[in-house]
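J.: just coords:
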């Protein structure tokens, strides 16, 4: 950093404050400084952004288009400052005004564009694509509201609108000249043209405008700046003037409101038919906008559509964008008038599909009547794809009617359903899972008939996370310590962390890492005190489970362990026990009553334990509301023990597990998702493994699982369940948790009772290990050193090489 750089940025901030906020530095608030710094940073990105686009055009480069219903970006200012090498410059420039950069960074709201691992993965991928200089666009929806802002009232989750755009988004650029028209409803008229070729016309539709907003995605170093294009739904007509003048004000704007609801909120509740219809509209809306935009760009530079697969790759991030298969066929057959077989060959060569879930209920299935009402032409195309596909199946496997039913894109039943995962699989040249176990289970359990028919299509691409955000930025003290020993190349070559492994035997380095962890824990303790009014002991083990609240992720198993420890201390207050602070965070879907009930249980247990003087200093339980990226950036570097305890065979991959290990948290986990590969990387002796394997889970269920057999055999488990059922944690409502206990004793679909004993035993081992700082510190260093393979740079390089056939393009210096 030079004095000239600091002076230039300082002057730019003064100018921006005047132009954007009509204020001098002396008058400016922290929010004013945020807007000024964001605007100044974006100005420095714009030149590289435009140069990147020009370089792709000049190289006639193949581009990948990443279609995702969500992008959980987190705040952008820190990452953009880091990417441009301006972080220290900005800190000093703001300091000259008596303003702390940390306060300015906190003024930015997290964008409400994603919810969980799917969206966070998409964000990591976009950053890695830019860092690796790969030509790429992200496509999604510009939601007016995020999924919701979570509050906890009387222990219960309360959802409020996440109005993240209330003060605007300083990073986006509105691009009205690229507005796209999207059609819904209407009817299909079929005929033969003058040459006797079948033609279909989609008529009498109502249409919606898709207005694009572009956001820059800078790679580390700021050389390549790719684009995330998000679509906002707008009505073709703002309001009906005739109705308005007649005094019918509600109906005058009703059509506009209904139209613009498409991009109003992320993941609207789909418990109602109206909610399901809105979800389908959202998915088709952003896919249609994106494909028309992609084809428009292609036609600007090329004429022959046969070369389309050589210039574009479409990656479907789960089943949400699977309608892209039918929409691309509609464009090629109806609008470009290509023969069906030629269009199908092009479509399949362009499309890749990433599966992210093994849960059948999470795979999109749409009722045929609703689908046909909204997208009648696409339903016809899907039926034709299915007819031709089932003929292939029939020829390959004659006399196997059950196989035809299993593989059909259309599921028969009282109400026929369109199976979107089947459509994506049939319409893609590549189908990948996101962890080694997950990819095998996709082939063995989820799509076995397809894997038997097309084994060459199926492959694995284990997920990864960007180390720039999740280590370099989120944990700057640890990053500085690493750089002092390795230099700074590790930031873009994470495998270099392996060189830290010998330092696990270096007492000084182990102590330095421990000091960084303790400082991070103090920062998190301050947040807990400010938000929850609860003091926590930074020398206690921070035992953390932060993720979406879902039964298969088994937050409930964690609670059972906490209650078991509580009973142990009530039985013997002098019992030896490692002090622990249990930290939970995560949102339950608004319509997911069971998950919301688990949140209430966590908070009731927390209220009871935290008020009991007998366990003060021994046990603390914290639920941090409104968990998101920015909160994760504070929690993950402060974590000692990472809870990755899903039922084996249920988690596709997980990326939180990678972030925790990368930041020196040890994992308590099952052999599920990427846990398996993390354990292989860090060594079994540095990972707390427990529980049934996926094969054992299947065998247990096949034998007829009886959870009561485990309850009868385990006195601790029986006492824990009895205490829950007694109303001890809900004295004003003694039967509040009777349903949870009954469910565990008589159903237990996620095998908590079967895994409880092994979980407690490994937890005791973890507590014992934490009580030996030297042993624990060595395990921490080994975890950090062996996580290089979990960089999203590695994942993206595999996608580019093996699926997309994508080459990097260097952007010349401007």
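T.: Received the coordinates, thanks. Only a predicted model underlies this, so the values are computations on that prediction, with no experimental measurement involved. Numbers count the residues shown, from 1 in each chain.
J.: What are the buried residues along stretch 476-489?
T.: 477, 478, 479, 481, 482, 486 (16 or more other C-beta atoms under 10 Å). The way it works is simple: take the backbone N, C-alpha and C, and place the C-beta from them, glycine included.
J.: Compute the distance between residue 311 and residue 128, please.
T.: Look at residue 311 and residue 128: by C-beta to C-beta, to the nearest Å, they are 21 Å apart.
J.: quick one: which of the two has more around it?
T.: Neighbours were counted for residue 311 and for residue 128 using other C-beta atoms under 10 Å; residue 128 has more, 29 against 17.
J.: Report the contact partners of the more buried one.
T.: Residues in contact with residue 128 (C-beta atoms under 8 Å, 6 or more residues apart in numbering) are 464, 466, 791, 792, 793, 795, 796.
J.: so what pLDDT did residue 246 get?
T.: Turning to residue 246, the model gives it a pLDDT of 66.
J.: will you turn the contacts of residue 128 into JSON lines that also has pLDDT?
T.: JSON lines is the format used below for those (pLDDT from 0 to 100):
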{"residue": "464", "pLDDT": "97"}
{"residue": "466", "pLDDT": "98"}
{"residue": "791", "pLDDT": "98"}
{"residue": "792", "pLDDT": "98"}
{"residue": "793", "pLDDT": "98"}
{"residue": "795", "pLDDT": "98"}
{"residue": "796", "pLDDT": "98"}
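J.: which regions of the chain lie under the pLDDT threshold?
T.: For the chain, residues meeting the criterion pLDDT under 70 lie at 1, 238-255, 814.
J.: what about 80?
T.: By pLDDT under 80, the low-scoring segments of the chain are 1-2, 237-257, 269, 360-362, 813-814.
J.: what pairs with the strand of greatest length in it, and is each one parallel or antiparallel?
T.: In the chain, with assignment by DSSP state E, the single longest strand is strand 206-218. Strand 206-218 pairs in its sheet with strand 173-174 (antiparallel), strand 180-184 (antiparallel), strand 225-235 (antiparallel), by DSSP bridges.
J.: Okay, buried residues for the one helix or strand residue 600 maps to please.
T.: Taking DSSP states H and E as the definition, residue 600 sits inside helix 593-610. Buried residues in helix 593-610, counting neighbours by 16+ other C-beta under 10 Å, are found at 595-610.
J.: And stretch 459-472, by the same measure?
T.: 459-472.
J.: how far is it from where the chain is centred?
T.: The gap between where stretch 459-472 is centred and where its chain is centred comes out at 12 Å by C-alpha atoms, centre = their mean, to the nearest Å.
J.: Now the element after the helix or strand hosting residue 508, going C-ward?
T.: Per DSSP H and E, residue 508 falls inside helix 507-532. Counting by DSSP H and E, the next helix or strand C-terminal to helix 507-532 is strand 541-546.
J.: How far off centre is that next one?
T.: 20 Å.
J.: Check which helices and strands that strand sits against.
T.: strand 580-585, helix 629-635, strand 641-644, helix 752-770 (3 or more C-beta pairs under 8 Å, 6 or more residues apart in numbering; DSSP states H and E).
J.: Mind putting those into a markdown table with mean neighbour count?
T.: Converted to a markdown table, these look like this (neighbours: other C-beta atoms under 10 Å):
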| stretch | mean neighbour count |
| --- | --- |
| strand 580-585 | 24 |
| helix 629-635 | 19 |
| strand 641-644 | 28 |
| helix 752-770 | 19 |
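J.: among the ones you listed, which is nearest residue 87?
T.: In terms of C-beta to C-beta, the element of the helices and strands packed on strand 541-546 nearest to residue 87 is helix 629-635, at 14.5 Å.
J.: residues in contact with the closest one?
T.: 72-75, 110, 120, 469-470, 473-474, 523-524, 527, 544, 546, 583, 585, 624, 656, 659.
J.: Of the residues you listed, just the buried ones, ChimeraX syntax please.
T.: Under the burial definition 16+ other C-beta under 10 Å, those of the contacts of helix 629-635 that qualify are selected in ChimeraX by:
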select :72,73,74,75,110,120,469,470,473,474,524,544,546,583,585,624,656,659
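J.: Count the neighbours of the closest residue to residue 542 other than its chain neighbours for me.
T.: Spatially, and ignoring its direct neighbours in sequence, residue 542 is nearest to residue 640 (4.7 Å; C-beta to C-beta, 6 or more residues apart in numbering). By other C-beta under 10 Å, 22 other residues sit near residue 640.
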